[in-house]
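Visitor: could you look at this predicted model? Sequence included:
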Amino acid sequence: MKKYVVATANEIPPGQRKIVTVRGRSIGIFNVEGTYYAVRNRCPHAGAPLCEGVLSGFVSSSEPGNYTYSRRGEILRCPWHQWEFDVTTGQSWYDPAKVRVKSYPVKVEQGCALSNPAQTIKSVEKGMEHLEKGPYMAETFPVSQDDEYIVIEM
């Protein structure tokens, strides 16, 4: 699987989302209390932009008048027909056995872990072996990748 950097970790605060395009697919990235999840931005029912829907929780009741609200920020409601999906699994609450939205594995990685500087230098040098060294030197600056990045594997 190939890795795709879709955002820095601080771009998507808890309770928020970001919609990105990876390999021609629209995908919603959700931050649920510091854990990131990714689902396809297409409702399997009628093709709506699912990730633009309302993000809420789960209401359950053990008896009349006694309600419990849980799983805050984990239930995504389709903006067209209100079908609900679990952003942590892609499972539908309408028909869990048959309907689900595609979910993708998400990781948070340090920027320095995403690139291999030695390999990058070898790649650049390999493409330049036919050039002659000139008398001029370019001024260079150190570059670092200290942020945490959200990465999807597809």
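Guide: Sure thing, it's come through. Residues are numbered from 1 along each chain as shown.

Visitor: from here on, contacts and neighbour counts on C-alpha atoms
Guide: Fine.

Visitor: residue closest to the middle of the protein?
Guide: Ile29 (3.6 Å; CA atoms, centre = their mean).

Visitor: SS state for it?
Guide: strand (DSSP: H, G, I helix; E, B strand; the rest coil).

Visitor: looking at it, Arg71 is touching Gly57, isn't it?
Guide: Yes: counting by CA atoms under 8 Å, Arg71 touches Gly57, with 4.9 Å between them.

Visitor: higher neighbour count, the two?
Guide: More crowded of Arg71 and Gly57, by other CA atoms under 10 Å: Gly57, with 16 against 12.

Visitor: so what's Val22 closest to, chain neighbours aside?
Guide: Among residues not flanking Val22 along the chain, Tyr4 sits closest, at 7.4 Å (CA to CA, 6 or more residues apart in numbering).

Visitor: hmm, the one you found is touching Val108, no?
Guide: No: contact criterion CA under 8 Å: Tyr4 and Val108 do not qualify, at 11.3 Å.

Visitor: helix or strand with the lowest mean pLDDT in the protein?
Guide: Each helix and strand of the chain was given a mean pLDDT (mean pLDDT, DSSP states H and E); the minimum falls on helix 117-126 at a mean of 47.

Visitor: the very next helix or strand once past that helix packs against which elements?
Guide: Toward the C-terminus, helix 117-126 is succeeded by strand 148-153 as the next helix or strand (DSSP states H and E). Packing partners of strand 148-153 (3 or more CA pairs under 8 Å, 6 or more residues apart in numbering; DSSP states H and E): strand 3-8, strand 106-110.

Visitor: report the distance from strand 148-153 to the chain centre.
Guide: Distance of strand 148-153 from its chain centroid, counting by CA atoms, centre = their mean, to the nearest Å, is 7 Å.
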